[in-house]
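> model the following, please.
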Amino acid sequence: MTIISKTAGSLSLFSCLYDMHKTAVLNSNNEYAKASADTFIETSVASQKADRASYKDAKRKNWLLKNNFMGGVNEVWGRISGYCKGFFTSGVRYLPNFAFSLGAILSKNKAIASISTIGLAMVEAWDFIKNSSGIFERSDYLK
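Next comes the predicted model:
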């Protein structure tokens, strides 16, 4: 049972990390788009306001708006923070998987490894039933 336990634990651990990465990339792309749009709107609004009328200030503000000043910094920061947020938010969901996977992989005792593998199978089965099959999802939206 140890080879099966270690294989199941390793595959589950890899699957969790892969899903966390892909979820983080999606969140990173969303935060990038949000930061890009927010920066453009902020710069656009700022370029339309002035404390006093000045040709030089108006030209400078138009140049900043046209060149998307500080947009790159905000977009990069949005990507980084979005990736971290997505990675750790989805990581919390996989805590039981991590615990059972590490128990199956690192345990020297066959009984503990077997119990971890059974627990891992139960967690994966519940995840499949709840999230993939749609059995417990609300489907009466038209009623």
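> count of neighbours near Leu65?
Neighbour count for Leu65, taken as other C-beta atoms under 10 Å: 16. Any C-beta I mention is one placed from the backbone N, CA and C, and that applies to glycine too.
> what's the answer for Ala37, then?
12.
> how near is it to Ser47?
16 Å (C-beta to C-beta, to the nearest Å).
> just Ala24 next, same as before
Relative to Ser47, Ala24 is positioned 34 Å away (C-beta to C-beta).
> contacting residues around the helix or strand of the chain with the lowest mean pLDDT?
When the helices and strands of the chain are compared on mean pLDDT, DSSP states H and E, helix 55-66 comes out lowest with a mean of 78. For helix 55-66, contacts defined as C-beta atoms under 8 Å, 6 or more residues apart in numbering pick out 43-44, 46-47, 50.
> drop anything exposed from these.
43, 47 (16 or more other C-beta atoms under 10 Å).
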